[in-house]
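> test case, fold it:
(one chain, ligands or ions: 1)
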Amino acid sequence: MNAVTPDRAAEGGTTGRTATPRHYLMCAPTHFTVSYAINPWMEPSKPVDTALAVVQWERLRALYERLGHRVDLIEPVAGLPDMVYAANGATVVDGKVLGARFRNAERAAEGPAYLDWFRAAGYTAVHDPEQVNEGEGDFLLTDSFILAGQGFRTSPEAHAEAQKFFGRPVIGLELVDPAYYHLDTALSVLAGDEVMYYPEAFSADSRAVLERLFPYALLATAEDASVLGLNAVSDGRHVVLPQAATQLAEQLSARGFEPLGVDLSELLKGGGSVKCCTLTLRE
Ligand SMILES: CN(C)C(=N)NCCC[C@H](N)C(=O)O
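Numbering: from 1, shown residues only. I've put the predicted structure just below:
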């Protein structure tokens with residue numbers, strides 16, 4: 001494990017950070033709305049401005065392209081309003097694709113839709129999952145581990161399935177607050193084995209694991225977590241995150257990262273933000 005030392009954590013600004021070009025899969029929010037509630041953020045009685053969601057999402061996509069990342073698109077399917085949250089569509093590591101199997105019936109058809117995209121795109125190591133897993137919503141990759149959320153969506157059995165399929169050690173982490181129902185609402189990988197997280201979203205046992213693995217992690221305040229500030233995407237230098245997470249942005253700058261705030265207010269109404277809209281394709 002590439003441990004982050006106190007020196008490195010503190011001096012971030014002077015060590016310099018390197019951006020690595022990424023390959024992302026995104027899905028336009030053409031059919032986005034909030035017509036059901038499967039997490040506490042979703043209130044079907046609240047109006048959603050789909051046109052504004054598209055504009056905000058386009059800005060995110062354009063930002064990735066300006067940063068030099070490649071963005072592929074999957075065709076949105078009418079009747080699947082949450083398909084915009086591409087991070088839930090699969091987990092891709094070493095060119096191997098673990099499909100998603102959703103906990104809620106409302107999202108069930110997204111799993112096969114994403115698998116079809118991967119097969120059509122020429123991926124050959126594609127695994128149709130047996131256990132419930134919601135893709136990168138609950139599986140996050142560091143250099144040394146796959147961190148895996150459980151408690152609300154992805155099942156512990158799916159952690160074992162992922163470990164077997166990818167041949168990488170999977171560390172299970174238990175989420176306890178329904179507002180942080182996916183791991184990527186409570187923890188974000190910044191670079192290598194560096195993470196930021198919101199401790200209160202995890203059980204005491206899992207907090208102890210996180211402290212042991214990442215003693216110099218950046219910790220988010222309740223305020224920043226509550227605007228989904230941890231639902232961020234890092235390329236090792238630039239960290240794209242919700243613009244309302246101002247304290248996190250300061251903490252990131254102090255460690256030498258370049259925080260880039262974006263406004264995804266419409267997509268927040270579905271319970272997702274930057275990371276949710278972004279599936280990383282790791283060849
Ligand atoms: C964890 N996040 C933030 C995501 N990766 N996805 C958001 C999914 C939102 C959807 N309405 C749901 O509740 O499944």
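> check the stretch 51-200 of the chain for the residue nearest the ligand and tell me.
H182 (2.9 Å; C-beta to the nearest ligand atom). Any C-beta I mention is one placed from the backbone N, CA and C, and that applies to glycine too.
> show me where the stretch 151-283 of the chain has strands.
All strands of the stretch 151-283 of the chain, identified by DSSP state E, counting those that start in this stretch, fall at 170-174, 187-191, 194-197, 218-219, 233-234, 238-242, 258-262, 279-280.
> highest average neighbour count across those?
strand 233-234 (a mean of 26; mean count of other C-beta atoms under 10 Å).
> is the ligand contacted by that one?
No - on the criterion C-beta under 6 Å from any ligand atom, strand 233-234 is out of touch with the ligand, staying 11.2 Å away.
> centre of the chain to that strand, how far?
Mean-position distance between strand 233-234 and its chain equals 9 Å (C-alpha atoms, centre = their mean, to the nearest Å).
> quick one: contacts of that strand?
With contacts defined as C-beta atoms under 8 Å, 6 or more residues apart in numbering, strand 233-234 is touched by 24, 188-191, 239-241, 257, 274-275, 278, 280.
> now with 7 Å?
For strand 233-234, contacts defined as C-beta atoms under 7 Å, 6 or more residues apart in numbering pick out S188, V189, L190, A191, V240, V274, K275, T278.
> coming back round to it: and A87, which of the strands of the stretch 151-283 of the chain is closest to it?
Smallest distance to A87 across the strands of the stretch 151-283 of the chain (C-beta to C-beta): 5.1 Å, for strand 279-280.
> show me what that closest one is packed up against.
When contacts are defined as 3 or more C-beta pairs under 7 Å, 6 or more residues apart in numbering; DSSP states H and E, strand 279-280 sits against strand 23-27.
> the longest helix along the chain vs strand 258-262, what angle?
In the chain, with assignment by DSSP state H, the single longest helix is helix 50-66. Between the axis of helix 50-66 and that of strand 258-262 there is an angle of 160 degrees, by axes from the mean of the first three to the mean of the last three C-alpha atoms, to 10 degrees.
> helix 50-66: which residues count as buried?
A53, V54, Q56, W57, L60, R61, L63, Y64 (16 or more other C-beta atoms under 10 Å).
> F102 is nearest to which of the strands of the stretch 151-283 of the chain?
Using C-beta to C-beta, those put strand 279-280 closest to F102, at 14.5 Å.
> got a list of contacts for stretch 269-283?
Under C-beta under 7 Å, 6+ apart, the answer for stretch 269-283 is 22-26, 32, 34, 39, 41-42, 46, 48, 57, 60, 82, 84-87, 89-90, 92-95, 135-137, 184, 188, 228, 231-233, 240-242, 262, 264, 267.
> typo on my end, it should be stretch 126-133
So stretch 126-133 is in contact with 97-101, 103, 115, 118-119, 139, 153-155, 157-158, 161-162, 165, going by C-beta under 7 Å, 6+ apart.
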